[in-house]
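[1] sequence plus the predicted model coming up.
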Amino acid sequence: MTASGAGPAHTFRWDLDKTYLRTDFDSLRGLVRAALEKPHEKRAVPGAPALIRALREAGGGAHRIAIISGSPEQMRAVLEAKLQLDGVVFDEFVLKPNLKNLLRARFRAVRAQVPYKLPALLRSRAAVSAPGETLFGDDAESDALIYCLYADILADRVSRGQLLDVLRAAEAYDDEIERVLALRDDVGKGEAVRRVIIHLDKRSPTARFDRFGPRLCPVYNYFQAALVLYADGQLKARDLLTVAREMLASRDYTVASLANSLQDLLLRGRLAREVAVRLGGETASAGAEFSDLPPHAEVVAAFTKRVQALGDFRVAAVPAGPDALDYAALVKSEGMR
C-alpha cells in the first residue's frame, strides 16, 4: 500500500539471475561460485540498480517493486544483503523452494520454471494488484513466454483448457496444475501488463522475440530499458542520466556506446525519432545536475549525432506478433519447463 492507503499505481516485477545479477549458471564452476559468493562479491548488471531505484522514486510511493526469482530460498539472506548494498528497496521477494522440492522427491520441479514462476506471478497479483505492470526478465530461461502467458491470462485471452495444455506440456505435477488453474479462475482480469523487457544476457537475436509482439522489447543493456520506459512515460530525462552515470562508472560503457544503444532502438523501431529528439532537449537542461558525467553538452551531442545519422533511413517496423500465441506448442518446441 502507498502512504495514503491506496493501492500501487504500477508494479515492476524483476527476475534476479542474468536480469539483475551477473550470474553464470552455464558451468559447474559458475554454479558453485554463485552459491558461495558473499553479498559484496555478487555483481549487478550495470545500470540495473540505478534503474530500479529510479522507478521506485519516480512513483512517489505509488510504484511497487516485486522480485520473483528462480534462485533457491536458502540464498535469501545473501541476496537481500546484496540488494541492500545496492540501495534497492523492494516490496516482495519470492525465491524457489528447491530444498522442499528435493525432500519431496519432486525432481522435475527443481529446474522447471513455468510451474513455479507462473503461479508465483498470479499469487502476487491476487494479493496486491496495480492498474499497470512492467516485467523484467532475461533470455536465459523462459521468461518471455511466462511473462506473456501471464499477461494474456490477466487479459482473459487464455482459456482454462489452453492453460491446462500448457501446464501438461511443461510437465507440471498434478497439484501444481490444480493450483495454477484455480489462480487463473480467481485472479482479477484486465489489460494490466503494459511492457515486458527482456535483457539479452546471452546476446540472443532480437528477431527471436518478434513472435511475442510489440509489448515485449528485448534490450542489450539497461540504458536501452530506461529509454523504452522514458518513451512509456515512466521515467524522466534525469532518470536516464542516473542510469547512464552508473553504467559509465562500471567502465563497461562509454558515452559513444550509450549513444549507439539509442541508435539501435531507433533502427529496430523500438524508439520513435521524435522521442529521441525530445530526449536530447530534456537531457540538455537536466544534464547540468550530473557533475560526474562527461559534460552534458557531449552527451547531448552524441545522442543528437546518432539520431541525425539515420537521415531518411527506413527503420524496421515493430513486429505485430500473432493474434494469439500457442503457448503449449511453444513450450514443446523450445523444450521449456
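    Arrived safely.
[2] residue 12 belongs to a strand?
    Yes. Per DSSP: H, G, I helix; E, B strand; the rest coil, residue 12 lies within a strand segment.
[3] tally of neighbours for it?
    27 (other C-beta atoms under 10 Å). (Each C-beta comes from the backbone N, C-alpha and C, glycine too.)
[4] is it in contact with residue 55, as I believe?
    Yes. Between residue 12 and residue 55 a contact is recorded at 5.3 Å, counting by C-beta atoms under 8 Å.
[5] and the residue most central in space within the chain, which of the three is it?
    What sits nearest the mean C-alpha location of the chain, by C-alpha atoms, centre = their mean, is residue 136, with 0.8 Å. With three-state DSSP as the basis, residue 136 sits in strand.
[6] again with the one 5 residues further on
    When the structure is split into helix, strand and coil by three-state DSSP, residue 141 lands in coil.
[7] can you pull the contacts of it?
    18, 70, 113 (C-beta atoms under 8 Å, 6 or more residues apart in numbering).
[8] ok, the first one - contacts?
    When contacts are counted by C-beta under 8 Å, 6+ apart, residue 18 touches 25, 45, 138, 140-141, 199, 201-202.
[9] nearest to residue 268, of those?
    residue 199 (15.3 Å; C-beta to C-beta).
[10] give me the nearest residue to residue 158, chain neighbours excluded.
    Closest residue to residue 158 apart from its sequence neighbours, by C-beta to C-beta, 6 or more residues apart in numbering: residue 152 at 4.9 Å.
[11] quick one: pLDDT of that neighbour?
    With respect to pLDDT, residue 152 has a value of 97.
[12] following element in sequence after the host helix or strand of residue 306, please.
    When elements are assigned from DSSP states H and E, residue 306 belongs to helix 296-309. Once helix 296-309 ends, the next helix or strand along the chain (criterion: DSSP H and E) is helix 327-334.
[13] now that following helix: buried residues?
    For helix 327-334, a neighbour-count test (16 or more other C-beta atoms under 10 Å) marks 327-328, 330-331 as buried.
[14] could you do stretch 40-54 as well?
    42, 44-54.
[15] please apply the same query to stretch 150-160.
    In stretch 150-160, counting by 16+ other C-beta under 10 Å, buried: 150-154, 158.
[16] now flag whichever of the residues you listed is closest to residue 262.
    Out of those, the member with the shortest distance to residue 262 (by C-beta to C-beta) is residue 151, at 26.8 Å.
[17] okay, that closest one and residue 226: tell me how far apart.
    21 Å (C-beta to C-beta, to the nearest Å).
[18] what does residue 318 give?
    19 Å.
[19] for residue 208, same thing?
    23 Å.
[20] who has more neighbours out of these two?
    Neighbour count, other C-beta under 10 Å: between residue 208 and residue 226, residue 226 has more, with 27 against 13.
[21] dump the helix or strand that contains the more buried one to PDB, restricted to CA.
    Assigned by DSSP H and E, residue 226 belongs to helix 222-231. Provided in PDB are the C-alpha atoms of helix 222-231 (Å, rounded to 0.1, in the frame of the first residue of the first chain):
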ATOM      1  CA  TYR A 222      19.700  -1.100 -19.100                       C
ATOM      2  CA  PHE A 223      20.200   2.200 -20.800                       C
ATOM      3  CA  GLN A 224      18.000   0.800 -23.600                       C
ATOM      4  CA  ALA A 225      15.500  -0.300 -20.900                       C
ATOM      5  CA  ALA A 226      15.500   3.200 -19.400                       C
ATOM      6  CA  LEU A 227      14.900   4.700 -22.900                       C
ATOM      7  CA  VAL A 228      11.900   2.400 -23.500                       C
ATOM      8  CA  LEU A 229      10.500   3.400 -20.100                       C
ATOM      9  CA  TYR A 230      11.100   7.000 -20.900                       C
ATOM     10  CA  ALA A 231       9.100   6.600 -24.000                       C
END
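[22] residues in contact with it?
    With C-beta under 8 Å, 6+ apart as the criterion, helix 222-231 contacts 45-48, 50-51, 54-55, 134, 136, 195, 197, 199, 217, 219, 235-237, 239-240, 243-244, 247, 253, 258, 261-262, 264-265, 270-272, 275, 279.
[23] and what of stretch 263-271?
    Residues contacting stretch 263-271 (C-beta under 8 Å, 6+ apart): 206, 217, 219-220, 224, 227-228, 231, 262, 273, 276, 306-307, 309-310, 313, 315-318.
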